[in-house]
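Colleague: everything below, folded, please.
(chains A and B)
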Amino acid sequence: MQRIQWFKWLSLVLYGIPMLLILVFPFIVMVSTSFKTLEEVSQIPPTFIPRNATLENYREVWNIIPLAAHFRNSFLLGVGETFLIMVLGVPAAYALARFRFAGRQPYLIFLLVTQMFPAIVVVLGVFRVVVALGLLNNLAVVAATAASFSLAFCIWLLVGYFSAIPPEIEEAAMMDGDSRLGAMIKMTLPLSWPGLVAVGVFAFMDGWNEFLFSLTFISNEEMMPLTVGLFRFISRFQIQWHHLMTGSLLATVVAVALFMTVQDKLTRGMLAISEK
Amino acid sequence: MKAQKMNRREMLRLMALTGAGLATAAYVAPVAASQSHTFEAPNVAPPSAEKVSLRLMVMDYDENMKPDTQAVVDAFNASQDEIELKLEVVSWGQGHDILVTQISGGHPPDLCNVSAQWLGEWDAIGEVLPLDDLLSKEFLANFQPSSIKAFTNKKGQLVGMPYFLDPRAMFYRKDLFDAKGLNPPETWDDVIAAGKALHNPPDMIGYGQTFSAKSDALDYWWYAWFGVIGGDGNLSIWKEDGRSRLAEPEAIEATQWCVDLTQKYKITNEDYTTAGRDEELQPLFYAGKLSMLITGCWFPTLLKKNAPDLVYGLTMPPVKKAGMKPATGFWPDAMIIFKQTKYPKHAAKVLEFLFNKENRLAFAKQRGVIPERIDVGMDPEYAVSDIEKFFVKSLETAHNVYETPWPETYYQTLQLGFEVEVARAVAGEITAEEACKTSAAMIDAANGF
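Modeller: As a prediction, this is how the structure comes out:
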């Protein structure tokens, strides 16, 4: 027992703490830079604790770029992608988990194959379609396009999850008079809650971090999400590091808050999925 | 666990639903497409009484680019009722990719400011509208001849208006030079002497240079080239027949100078393979840790903002020997009209407004850019300090570094190929001669020799 305790402490000191420091270091720099002036950011050697800490950056970033609009747009992309993935992915995964039909296995493999193409390969083709449809500067289009890329992965995750729930539970509900849809909604989905949360968070974060399609389809600054809007701080001859880090920190806080809220369900969901 | 088998009826129902969905989507898409614009961009006249909508895309030089340009766009929209100009601002880092996608997708902006390098690339594939028939000779007579020449292609067509001329100069710490009794760094010997006297890392770096992919890495080779050739020589790196001059002794000498600064005299920053000019070297100068840096005419504006108390001096890029006429260069940007525009005449009208004296004077003052309009350069409101006068005068010997008979291969061969070889030479992996000869052979082969 004593030896296990000793080993635990040693591994924490030798592995855990250095790893934590490496992982946290960029965030420390981000926090520190967000309180510095540009002059101090340029100082060599750099300072970790700002000498003249200022909150000005937190005031200025909202005025230099339409940060509030960027937040709203990123949120809408996250919600939109989550909605699409839930509406399309859950029934698809349910059908693939519950029914045996011709072409099921090839279909599952085909879904996997779609994950093997980087989005950049299709961006030009999709752009032409979006232009032809007159749908540029439309967040719904960005959300739909981004969702089409993560949908396959989410279906795969959910198929594994639904397969682990005994169909007898639904059969019992159907014998009590429920339709298949009713049985799915009343029995299977509540039991799949951790898995659905895991997929939902994944979809939301995918939408929140969406960059490529937003960059390509959106030129109106008021419609840009955070990922593209923050680029405005990188101009040709100067990078506004202090503003860039402040904006990035604010964007990160939202993601961290979301994770903290659903951390428990997310961990359980991912663990359950990985066990299938 | 046991999965259920889908019965035939359910299967058919599902297939029917999917088919109906696909059929609807297939029907809706072409209808919507036919209602929106097509990929071909015919030169059509707008219906009368309807405003023509044009897109102006600008790459931002600094954080004020958007409000400053928006003010010009608002003024234009207010000045007439025929055209509605819409502004889009994008970062330089994303600009090329966005434009390539939009050009390929049949949806480029009507007007855009672009690097001369991109201009060459797109002119070569016929995507840029020649301006000769759209702009009058009287209007063009207002501009510095060197700036108009910079955007005249090998067919003799004017394909862009000079939007951002950025001649380069040597910025040095005058206070330190004066304290040590050093000559301003006007010759290579001056640079070596000052570097030896001042280089004391990490507190002070003698001379800043970089050959990393992060920056316009070939810049520092060009400065050496200007020093070898001088203002009276032929600054073009192309022979009459279109072959590269990079294997000539002057090019090797220029490369050797870059190598010697780092390897022999050891007076440069150590991160010359990773540093960026804008990301590391300019901030190093603000921080008072760099004594000599060649950079562009935008730098005084940044210095004023970021290091207002720094005492600095300006000279032309140093020449190889005392008595030579110094030379400099610019990496210019142009405002262009894309060939896919539906309204070239209206776009030209916008161009004339953007390039009137009032707007270009404001732009020059806002960006610290050297005016391409002769009257702006002479305006007492612009040339208020010795710095502006210095840069206006430097245009006399400024060479357009993007000048090339081979715009199609410029980026791949010179910008990517040669810069890698120079960086390897500076890092000591190969000799300067090997770097130049390998690159010359590669460039000539790519251009069909």
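
Colleague: closest approach to chain A from the stretch 201-350 of chain B, which residue is it?
Modeller: Closest contact between the stretch 201-350 of chain B and chain A, by CB to the nearest CB, is at B:Pro283 (3.6 Å). Backbone N, C-alpha and C define where each C-beta goes, glycine included.

Colleague: I figured that residue hits A:Ser42, correct?
Modeller: Yes: between B:Pro283 and A:Ser42 there is a contact at 3.6 Å, judged by CB atoms under 8 Å.

Colleague: quick one, helices of the stretch 101-250 of chain A?
Modeller: A:104-114, A:119-132, A:139-163, A:167-175, A:180-183, A:189-191, A:193-208, A:212-217, A:226-229, A:241-275 (DSSP state H, counting those that start in this stretch).

Colleague: what about the third one, near chain B?
Modeller: Yes: Helix A:139-163 lies in contact with chain B when judged by CB under 8 Å from any CB of the partner chain; the contacting residues are A:Ser163.

Colleague: which strands or helices does that helix pack on?
Modeller: helix A:67-84, helix A:90-98, helix A:104-114, helix A:119-132, helix A:193-208, helix A:212-217, helix A:241-275 (3 or more CB pairs under 8 Å, 6 or more residues apart in numbering or on different chains; DSSP states H and E).

Colleague: just give the number of residues close to the closest residue to chain B within the stretch 101-250 of chain A.
Modeller: Chain B sits closest to A:Gly134 of the stretch 101-250 of chain A, with a gap of 3.4 Å, by CB to the nearest CB. When neighbours are counted by other CB atoms under 10 Å in any protein chain shown, A:Gly134 registers 13.

Colleague: that one and B:Leu87, how far apart?
Modeller: A:Gly134 is 20 Å from B:Leu87, where distance means CB to CB, to the nearest Å.

Colleague: same deal with A:Cys154?
Modeller: Distance from A:Cys154 to B:Leu87, by CB to CB: 38 Å.

Colleague: repeat for B:Asp62
Modeller: In this view, B:Asp62 and B:Leu87 are 16 Å apart by CB to CB.

Colleague: and if you look at A:Val262?
Modeller: Separation of A:Val262 from B:Leu87 (CB to CB) stands at 40 Å.

Colleague: neighbour count: those two, which is higher?
Modeller: Neighbour count, other CB under 10 Å: between A:Val262 and B:Leu87, B:Leu87 has more, with 19 against 16.

Colleague: which residue packs closest to that one, ignoring adjacent ones?
Modeller: Of all residues not flanking B:Leu87 in the chain, B:Val73 sits nearest, at 4.7 Å (CB to CB, 6 or more residues apart in numbering or on different chains).

Colleague: pretty sure that neighbour is touching B:Glu88, no?
Modeller: No: B:Val73 sits out of contact with B:Glu88 when judged by CB under 8 Å, with a separation of 10.3 Å.

Colleague: next up, the contacts around the closest residue to A:Leu135 other than its chain neighbours.
Modeller: Spatial nearest neighbour of A:Leu135, chain neighbours left out: A:Val141 (4.8 Å); criterion: CB to CB, 6+ apart. When contacts are counted by CB atoms under 8 Å, 6 or more residues apart in numbering or on different chains, A:Val141 touches A:130, A:135, A:213, A:217.

Colleague: same check on B:Leu303?
Modeller: Contacts of B:Leu303 (CB under 8 Å, 6+ apart): B:171, B:285-286, B:310, B:312.

Colleague: with distance to B:Glu408 as extra columns, can I get these in TSV?
Modeller: Converted to TSV, those look like this (distance: CB to CB, whole Å):
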residue	distance to B:Glu408
B:Phe171	35
B:Phe285	36
B:Tyr286	39
B:Leu310	43
B:Tyr312	40
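
Colleague: restrict those residues to those near chain A?
Modeller: Answer for those near chain A (CB under 8 Å from any CB): B:Tyr286.

Colleague: and the contacts of B:Leu303, which is closest to B:Glu248?
Modeller: For these, the closest approach to B:Glu248 (CB to CB) belongs to B:Phe171, at 29.6 Å.

Colleague: residue contacts, the closest one?
Modeller: Per CB under 8 Å, 6+ apart, neighbours of B:Phe171: B:285, B:292-295, B:299, B:303, B:312-314.

Colleague: what subset of those residues is buried?
Modeller: B:285, B:292-295, B:299, B:303, B:312, B:314 (16 or more other CB atoms under 10 Å in any protein chain shown).

Colleague: what residue is smack in the middle of the chain?
Modeller: Going with chain A. Nearest residue to the geometric centre of chain A (CA atoms, centre = their mean): A:Met205, 1.4 Å.

Colleague: let's do chain B instead
Modeller: Geometric middle of chain B (CA atoms, centre = their mean) lands on B:Ser115, at 3.9 Å.

Colleague: low-confidence ranges in the stretch 101-250 of chain A?
Modeller: Within the stretch 101-250 of chain A, no stretch has pLDDT under 70.

Colleague: kindly apply the preceding question to chain B instead.
Modeller: For chain B, the stretches with pLDDT under 70 are B:1-49, B:213-217.

Colleague: that one - how does it break down into domains?
Modeller: B:52-165+B:332-400, B:168-330+B:409-446 (automatic domain parsing).

Colleague: hmm, A:Gly78 and the residue nearest to the centre of chain A touching each other?
Modeller: Yes: A:Met205 is within contact range of A:Gly78, at 7.2 Å (criterion: CB under 8 Å).

Colleague: rewinding a little: pick out whichever of the contacts of A:Val141 sits closest to A:Val254.
Modeller: Among these, A:Phe213 lies closest to A:Val254 (CB to CB), at 20.2 Å.

Colleague: that closest one - how many residues pack around it?
Modeller: Look at A:Phe213: counted by other CB under 10 Å, it has 25 neighbours.
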